[in-house]
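Colleague: okay, predicted coordinates and the sequence, questions at the end:
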Amino acid sequence: MMQNLVVKLDFEEFPQDYTCKGANRSPPIRVEGILANIKSLAVLATASPEEGSSRAAWVIWNLPAVPQIPEGLPAGEVVESPLPAVQGTNDFGSTGYRGPCPEAGKTEAYLFRVYALDIDLALAPGATWEEMVRAMEGSMNQSGEVIAFATG
């Protein structure tokens with residue numbers, strides 16, 4: 001039985017700074033209840049427009065097991081600061097976080113899933129979310145999720 005992580009954002013409705021209409025910065029994510037044996041965190045954020053299938057908007061792994069993932073992680077495959085991490089290619093064809101970008105009058109839901117792993121993933125930078133999920137198999141000790149919404 002996998003233990004849950006408590007995952008929290010500081011908002012339910014995206015501030016503009018974290019969307020394509022603003023600075024497109026990744027939001028801060030609070031993670032509570034990390035077990036002592038956890039070596040790293042991975043995050044998969046998926047965007048679900050009102051109609052249509054969800055798409056991976058952020059694929060990041062090998063984050064240290066910290067209680068807060070800071071905002072504004074830079075784009076690029078290997079991140080050194082504010083925390084070390086490796087990022088994959090999202091379903092929008094870029095590396096790093098891609099904020100919500102709903103059309104006028106539409107709403108987009110973003111699901112942030114955080115996985116707590118007992119290893120660092122030996123995964124090439126730029127990997128897809130499917131490759132990240134496969135690499136986590138057998139090493140995922142905990143997970144948790146949170147949803148926020150953006151309106152165009």
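Modeller: Received the coordinates, thanks.
Colleague: which stretches of the protein form strands?
Modeller: Counting by DSSP state E, the chain has these strands, from start to end: 3-4, 6-8, 29-32, 40-49, 55-64, 68-69, 78-79, 85-87, 107-117, 140-151.
Colleague: in TSV: these, plus mean pLDDT and distance to C101.
Modeller: Yep, even glycine has a C-beta here, placed from its N, CA and C like the rest. Converted to TSV, the strands of the chain look like this (pLDDT from 0 to 100; distance: least, CB to CB, whole Å):
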stretch	mean pLDDT	distance to C101
strand 3-4	84	30
strand 6-8	98	23
strand 29-32	98	20
strand 40-49	94	8
strand 55-64	97	9
strand 68-69	98	21
strand 78-79	97	22
strand 85-87	98	19
strand 107-117	96	7
strand 140-151	96	8
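Colleague: and E131, which of these is closest to it?
Modeller: Evaluated with CB to CB, the strands of the chain place strand 55-64 nearest to E131, the distance being 8.8 Å.
Colleague: by how many degrees do the closest one and strand 40-49 diverge?
Modeller: Angle, strand 55-64 to strand 40-49, by axes from the mean of the first three to the mean of the last three CA atoms, to 10 degrees: 170 degrees.
Colleague: which residues touch strand 55-64?
Modeller: The contact list for strand 55-64 (CB atoms under 8 Å, 6 or more residues apart in numbering) reads 26, 40-47, 69, 73, 79, 83-92, 96-100, 110, 112, 117, 120-121, 123, 127-129, 132, 135-136.
Colleague: ok so, going back, which of the strands of the chain sits most buried?
Modeller: Mean neighbours per residue, mean count of other CB atoms under 10 Å, is largest over the strands of the chain for strand 85-87, with a mean of 25.
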